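**Q** Sequence first, then the predicted structure:
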Amino acid sequence: MDNDQQSTSATKKEQEKQYESSFISVQKYTGQGYSLDGGEENDKIAEAHRNEVVKAVKKFFLKKYKTKVKVHNLVGNRDGVTVFVESVGEPNFHTFAVVPISSNKEIKANEVFSQKGQVEDAIRSGIYAMIYDKELKNLDLYLSNVAQNHALVGLRQEVLDRVTASGYTTPFYSITVTENAFEKNLNQLYLKNPNWEKKDWKEALANSKVNPKLIFITLQLFMKDQNKNPDREAFNEIVAHVKKTGDVSPGAYSILLHNNRISKSSGRGSENHMLERSNPNEINKP
């Protein structure tokens, strides 16, 4: 092996080492180390003005989405601060808004915004969870049992709260409901009726057509043992169950089984150590 080959080999090993060191056991991860590009300085500014940021975000959600939220986490980004929130009560969902910070380090409290469709998607997933509460309880019970039987775990609640913005989310799965999944416009109905309860939503959508292929349910589990690769037997069992069962809610199901490691900076499982059944091979349930 010549010097160039030795150098390349050493560089690859160093890169692999750095990559692996950026991961942590999923049981220990609570969102520590989560970061957004270029947000280090704004992270500090946001924390120094935390009360102002929190007040501005709560006002924004109440005014634009008629929704009370609790603020879980502030993470600086290149142009401001990303604020992770959870709705108070039902529909339950996690999402985020952005508070800009000016070049002279001022909080722009009157210019809070959300990414296009982000909050709307989250609201729809929360409504979906209210409508299909019984079916989702069946899924919750199954995943709890299979996790116990095969030594699997999900995300900690702190991760869902502090660095997750995927709408309706549990330790084992997240739900995305696209805009045209329901025949009726869920967001318009919600803004007109923000205080509707489960029975109201079920009555309003009882005869509304649903397109399961536009509802994405992603099951994500991790190995409990830090030294084990994803268990093929457990993965196959989950896939088979979702395929054959008739007591789950409609949607396109993806299944991910990771090893025990999760990225500190992104809050995602390792794609290098994962078993996956997903797009374009989701399991469609009517």
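**A** That came through, no problem.
**Q** Tyr142: how many residues sit nearby?
**A** 18 (other Cβ atoms under 10 Å). Where C-beta positions appear, they are placed from N, C-alpha and C, glycine not excepted.
**Q** Over to Asp37?
**A** 9.
**Q** mind checking how far it is from Ala56?
**A** According to Cβ to Cβ, to the nearest Å, Asp37 and Ala56 sit 23 Å apart.
**Q** And for Lys198?
**A** Lys198 sits 31 Å away from Ala56, going by Cβ to Cβ.
**Q** neighbour-wise, which of these two wins?
**A** Taking neighbours as other Cβ under 10 Å, Lys198 and Ala56 compare with Ala56 leading, 19 against 14.
**Q** Give the buried residues for the helix or strand that the more buried one is a member of.
**A** Ala56 belongs to helix 50-65 when assigned by DSSP states H and E. By 16 or more other Cβ atoms under 10 Å, the buried positions in helix 50-65 come out as 53-54, 56-58, 60-61, 65.
**Q** so the helix or strand where Pro100 lies versus helix 50-65, what angle?
**A** Using DSSP H and E, Pro100 falls within strand 94-100. Computed with axes from the mean of the first three to the mean of the last three Cα atoms, to 10 degrees, the direction of strand 94-100 lies at 110 degrees from that of helix 50-65.
**Q** So which residues make contact with the helix holding Ala56?
**A** 46, 67-69, 71, 74, 81, 83, 85, 97, 99, 107, 109-110, 112-114, 119, 123, 191 (Cβ atoms under 8 Å, 6 or more residues apart in numbering).
**Q** what do you get if the cut-off is 10 Å, keeping everything else the same?
**A** Residues from elsewhere that reach helix 50-65, judged by Cβ atoms under 10 Å, 6 or more residues apart in numbering: 45-47, 49, 67-71, 74, 80-81, 83-85, 87-88, 95-99, 101, 106-114, 119-120, 122-123, 187, 190-191, 194.
**Q** mind listing the helices for the protein?
**A** 3-21, 40-48, 50-65, 118-131, 133-150, 157-163, 186-192, 198-204, 232-244 (DSSP state H).
**Q** Of those helices, flag the one that's most buried.
**A** Across the helices of the chain, averaging neighbours per residue (mean count of other Cβ atoms under 10 Å) puts helix 118-131 on top, at a mean of 24.
**Q** Give me the distance from the strand holding Pro100 to the chain's centre.
**A** Its chain's C-alpha centre and that of strand 94-100 lie 14 Å apart, by Cα atoms, centre = their mean, to the nearest Å.
**Q** Only C-alpha atoms, please: export it in PDB.
**A** Output of strand 94-100 as PDB, limited to C-alpha atoms (Å, rounded to 0.1, in the frame of the first residue of the first chain):
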ATOM      1  CA  HIS A  94     -46.000  18.700  18.100                       C
ATOM      2  CA  THR A  95     -44.800  21.300  15.700                       C
ATOM      3  CA  PHE A  96     -42.600  24.500  15.600                       C
ATOM      4  CA  ALA A  97     -42.500  28.100  14.800                       C
ATOM      5  CA  VAL A  98     -39.600  30.400  14.000                       C
ATOM      6  CA  VAL A  99     -38.800  33.700  15.700                       C
ATOM      7  CA  PRO A 100     -36.400  35.900  13.600                       C
END
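**Q** Mind listing what's buried along that strand?
**A** So for strand 94-100, counting by 16+ other Cβ under 10 Å, buried means 94-100.
**Q** what helices or strands is that strand leaning on?
**A** On a contact count with 3 or more Cβ pairs under 10 Å, 6 or more residues apart in numbering; DSSP states H and E, strand 94-100 meets helix 40-48, helix 50-65, strand 69-77, strand 80-87, helix 118-131, helix 157-163.
**Q** Dump the ones you listed into a markdown table; add mean pLDDT and distance to Gln27 as well.
**A** Shown next, in a markdown table, are these (pLDDT from 0 to 100; distance: least, Cβ to Cβ, whole Å):
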| stretch | mean pLDDT | distance to Gln27 |
| --- | --- | --- |
| helix 40-48 | 95 | 26 |
| helix 50-65 | 98 | 28 |
| strand 69-77 | 97 | 20 |
| strand 80-87 | 98 | 21 |
| helix 118-131 | 98 | 26 |
| helix 157-163 | 96 | 11 |
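**Q** who wins for proximity to Phe23 among these?
**A** The closest of these to Phe23 is helix 157-163. By Cβ to Cβ, the value is 13.8 Å.
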